[in-house]
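Peer 1: What follows is a protein structure lacking sequence information:
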C-alpha cells in the first residue's frame, strides 16, 4: 500500500490499472472537469457578484438576494455532503448547476421591471444548488489526489475555477466599455453569464462517481457506491460534535464574510461600471496566482506535513495583516456619508493605481486563505464519502457567515466597522487554524 493511505489511517484495496494520469477515470482529469464546471457556474456568478450590487446601481436587491442565497446555502451546504453520497455526483451537480442560470436570469428580469421578489427567490434556490455543487466539488478536490499532492490539485482547481471570473469579468467590461457614467449593466451582460452557466450545467454530466475513479497507486477514491438517508443523517449530526470540525468553524465563518465589503464598498463605490468589470478580471486572476503560490508551499516547502501547514498559516497571516492594513489606509479616505465625488476609471492613472492594487491584493489573499483551509480539510481524510461531509460542513458555516455579512451591509453599517470586523475575523482564524494543523 502507498504511504499516503497509511498516513490517513485508511486502507483501500488496489486494483491493476494503467498508470497514465490522463485516464478519464484518473483524479487529475476529474479534478480538471470539476474545475471547468465551476468555471462556468460559480466562476460566472463570482464575476456577476464582483461588479457590486449584481451589476445594478442600487445594491439593495442584490444584497437581499445574497442574504436569501447564503441562508439556504448554510442549510444545504451542511446537507450537501450527504445528498452527494446518496445521489452521486452527476445528479447532485446537475441540480446544483441549473440554479445558477435562474439566478442570472432574475437580474435580467430586474433590469426591466425592478421587482426584487424574483431575484430573492432565485437567490434562495441558488443557495440550495450551491450547497449541492460545493459539497460535491469539495469532496472531489480534496479526496481524489494523493495525500502529498493535495495542495497542487487544489491550486489546479482554483486556477481553472477562477479563470471563469476572469472571463466573466471581460463580459461586463466589453459590453459596457462606452458607458462611463453610473448605470446598471446591459442585458447582454446577463445573457452572456446565462450562456456560460448553461454550458457548465451540461458539463456536470461528465463527472464520474468516486467509486469509478482510480488513483495511480490503484486505490479507489471510495469503496461505497451509494449511501442511505439514515446513514448520512447520523453522520452529519456527528459533525457538530467533531472537534476537527469545531476548530474549523472560525475559518469557515470568515472565509466568505469579506465579499460584501470588497464587492460593494470597494469595487462598486470607488469605480465606474466598466472599470468594475476590468477589476474583476484582475481580482480573479489574482486568485489563480494566490492558489498556486500557497499550494506549492503546502506540498513542497518541508518534508513534514505539519511543518508545511504551519508555514502556510504564517504566510497567510503576514499577507493578511499587510493587505487589510492597506485597506484601512484607503478606507480612512471615505465613508458612507462622504462617498468619493467621482467614480474612478482605469484611465485615471495614479489615482486609479492604488485602489486597483488594493482590490487585486484582496483577491490574492482570498485564494491563499481558502486554499489553505481546503488543504487542512483534505489532510483529515482521503475517502470521498467522509470528505464530502467535511466540505459540506465547511461550506454551510461559511454561507451562514456570508448571509450575516450581506445583511450587515444592507443595514448600512459604517464601512470602517465592516473592514475592522473582517480583519479581526481573519486574525482570530489564524490562531484557531494552528490547533487544527498541530493535530494533523
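Peer 2: Noted; the coordinates are in hand. All values derive from a computational prediction rather than experimental measurement.

Peer 1: Now name the helix or strand holding the closest residue to residue 331 other than its chain neighbours.
Peer 2: In this structure, residue 331 finds its nearest non-sequential neighbour in residue 419, 5.2 Å apart by C-beta to C-beta, 6 or more residues apart in numbering. Every C-beta, even on glycine, is put in place using the N, C-alpha and C of the backbone. Assigning secondary structure by DSSP states H and E places residue 419 in helix 415-438.

Peer 1: in that helix, what's buried?
Peer 2: For helix 415-438, the neighbour count (16 or more other C-beta atoms under 10 Å) marks 415, 418-419, 421-423, 425-426, 429-430, 433-434, 436-437 as buried.

Peer 1: Point out the least confident one among the residues you listed.
Peer 2: Across these, no position has a lower pLDDT than residue 430, which has 85.

Peer 1: Who are the contact partners of the residue nearest to residue 331?
Peer 2: Remark: with contacts taken as C-beta atoms under 8 Å, 6 or more residues apart in numbering, residue 419 is in contact with 261, 324, 327, 328, 331.

Peer 1: Quick check: nearest residue in space to the fourth one, chain neighbours excluded?
Peer 2: Of all residues beyond its chain neighbours, the one nearest residue 328 is residue 419 (6.2 Å), with distances taken as C-beta to C-beta, 6+ apart.

Peer 1: Starting from residue 255, give me the distance back to that neighbour.
Peer 2: Residue 419 sits 17 Å away from residue 255, taking C-beta to C-beta, to the nearest Å as the criterion.

Peer 1: Over to residue 338?
Peer 2: When distance is defined by C-beta to C-beta, residue 338 is 31 Å away from residue 255.

Peer 1: Residue 89 and residue 205 touch, don't they?
Peer 2: No - Residue 89 is beyond contact range of residue 205, at 9.6 Å (criterion: C-beta atoms under 8 Å).

Peer 1: Who has more neighbours out of the two?
Peer 2: For the pair residue 89 and residue 205, the greater number of neighbours falls to residue 89 (28 against 13), based on other C-beta atoms under 10 Å.

Peer 1: quick one: which of residue 338 and residue 255 has more around it?
Peer 2: Neighbours per residue, other C-beta under 10 Å: of residue 338 and residue 255, the larger number sits with residue 255, 26 against 8.

Peer 1: Next up, the contacts around that one.
Peer 2: Listed by C-beta under 8 Å, 6+ apart, the contact partners of residue 255 are 369, 370, 373, 398, 401.

Peer 1: Residue 438 too?
Peer 2: With contact taken as C-beta under 8 Å, 6+ apart, residue 438 is in contact with 306, 310.

Peer 1: again with residue 235
Peer 2: Residues 82, 389 are the ones in contact with residue 235 under the rule C-beta under 8 Å, 6+ apart.

Peer 1: That one in helix, strand or coil?
Peer 2: Taken by DSSP: H, G, I helix; E, B strand; the rest coil, the conformation at residue 235 corresponds to helix.

Peer 1: mind checking how far it is from residue 374?
Peer 2: For residue 235 relative to residue 374 (C-beta to C-beta), the value is 20 Å.

Peer 1: Which of the contacts of residue 419 fall in helices?
Peer 2: 261, 324, 327, 328, 331 (DSSP state H).

Peer 1: Give me the below-cutoff pLDDT ranges for this protein.
Peer 2: Applying pLDDT under 70 to the chain flags residues 1-19, 51-59, 176, 179-185, 223-224.

Peer 1: Would you check that residue 311 makes contact with residue 301?
Peer 2: Yes - using C-beta under 8 Å, residue 311 is in contact with residue 301, at 5.3 Å.

Peer 1: List the contacts of residue 398.
Peer 2: With C-beta under 8 Å, 6+ apart as the criterion, the residues that contact residue 398 are 77, 252, 253, 255, 256.

Peer 1: Run the chain-centre distance for stretch 34-49.
Peer 2: Put simply, stretch 34-49 sits 9 Å off its chain's centre (C-alpha atoms, centre = their mean, to the nearest Å).

Peer 1: End to end on it, go ahead and measure it.
Peer 2: The first and final residues of stretch 34-49 sit 21 Å from each other (C-alpha to C-alpha, to the nearest Å).

Peer 1: again, but for stretch 221-229
Peer 2: Between the opening and closing residues of stretch 221-229 lies a distance of 21 Å (C-alpha to C-alpha).

Peer 1: what do you get for stretch 260-276?
Peer 2: Taking C-alpha to C-alpha as the measure, stretch 260-276 stretches 14 Å from start to finish.
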